[in-house]
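Undergrad: Below are the sequence and a predicted model for it; my questions follow.
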Amino acid sequence: MAPLQANEYAEVLDIGFGIDSGAPMPHLMSSGSDAIVILYARGGDPNPPPLVEGTGDVPEPIGVIGFGGCRGLRFETHGWDAEAKHPLEEWGLRADHLHEIHNSQWIEAERIEASGPDPVRHYILWLHDDSIEILGRLRSVSSREEEFHQAWLRAAQLLGRITPTVWTIPTSHPDTGPADN
């Protein structure tokens, strides 16, 4: 619910998936004007099968949130106890949710035009131990079962920073010693 005065307040956004409240492991990637957040979504197997050597990660629910027209990024570590100390806690800020911040002091301080057909907005992703704040435009939200490193590579490709490739990591075996590759 919005306050009656022009104070900042947080509106929880429905992004179509829940965020893992235990360890969302957020990763923020940016190309300057675009940004992508990758994190664990809620709903995965609470007892995933053990990793089999050489197979990589186990597919899990991964959330990807994309932003465009970015004018500012903040990634902070604050710890779980900081939620109650955030000034927006009493104005709608909730743990493990993406929020749009209305009447943003950050937008005002940056003197960014926040009106028009596609205005810059202030977003906060408030998580277990971290928070990510973005001045930009929410462009895409998706979730799917995949290995975390695959989501990371896909996001990097979307930002145009890397080309698809396969890496071979030399391994050693206790009986034969280091690999030659």
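TA: On my side now, so go ahead. Numbers count the residues shown, from 1 in each chain.
Undergrad: Give the closest residue to the residue nearest the centre of the chain in space, chain neighbours not counted.
TA: Per CA atoms, centre = their mean, the C-alpha nearest to the average position across the chain is that of residue 37, at 2.9 Å. Distances taken as CB to CB, 6 or more residues apart in numbering place residue 65 nearest to residue 37, at 4.5 Å, with adjacent residues excluded. Quick note: C-beta positions are derived from backbone N, CA and C, even for glycine.
Undergrad: The one you found contacts residue 97, correct?
TA: No. Here residue 65 does not reach residue 97: they are 11.6 Å apart, not a contact under CB atoms under 8 Å.
Undergrad: Mind checking which of these two has more residues around it?
TA: When residue 65 and residue 97 are compared for neighbours, residue 65 comes out ahead with 27 against 19, by other CB atoms under 10 Å.
Undergrad: just to revisit the earlier point, spell out the secondary structure type for the residue nearest to residue 37.
TA: strand (DSSP: H, G, I helix; E, B strand; the rest coil).
Undergrad: and the nearest residue to residue 19 once chain neighbours are set aside, how far is that from residue 150?
TA: Closest residue to residue 19 apart from its sequence neighbours, by CB to CB, 6+ apart: residue 96 at 4.4 Å. Distance, residue 96 to residue 150, using CB to CB, to the nearest Å: 23 Å.
Undergrad: more neighbours, these two?
TA: Taking neighbours as other CB under 10 Å, residue 96 and residue 150 compare with residue 96 leading, 17 against 14.
Undergrad: Touching, that one and residue 130? I think so.
TA: No. Residue 96 lies out of contact with residue 130 (CB under 8 Å); the separation is 11.0 Å.
Undergrad: Now do the contacts for the residue nearest to residue 12 when sequence neighbours are not counted.
TA: Distance criterion CB to CB, 6+ apart; nearest residue to residue 12, sequence neighbours excluded, is residue 97 at 4.8 Å. Contact analysis of residue 97 by CB atoms under 8 Å, 6 or more residues apart in numbering lists 12, 13, 19, 125, 126.
Undergrad: ok, of those, which one's closest to residue 137?
TA: Proximity of the contacts of residue 97 to residue 137 (CB to CB) peaks at residue 13, which lies at 12.9 Å.
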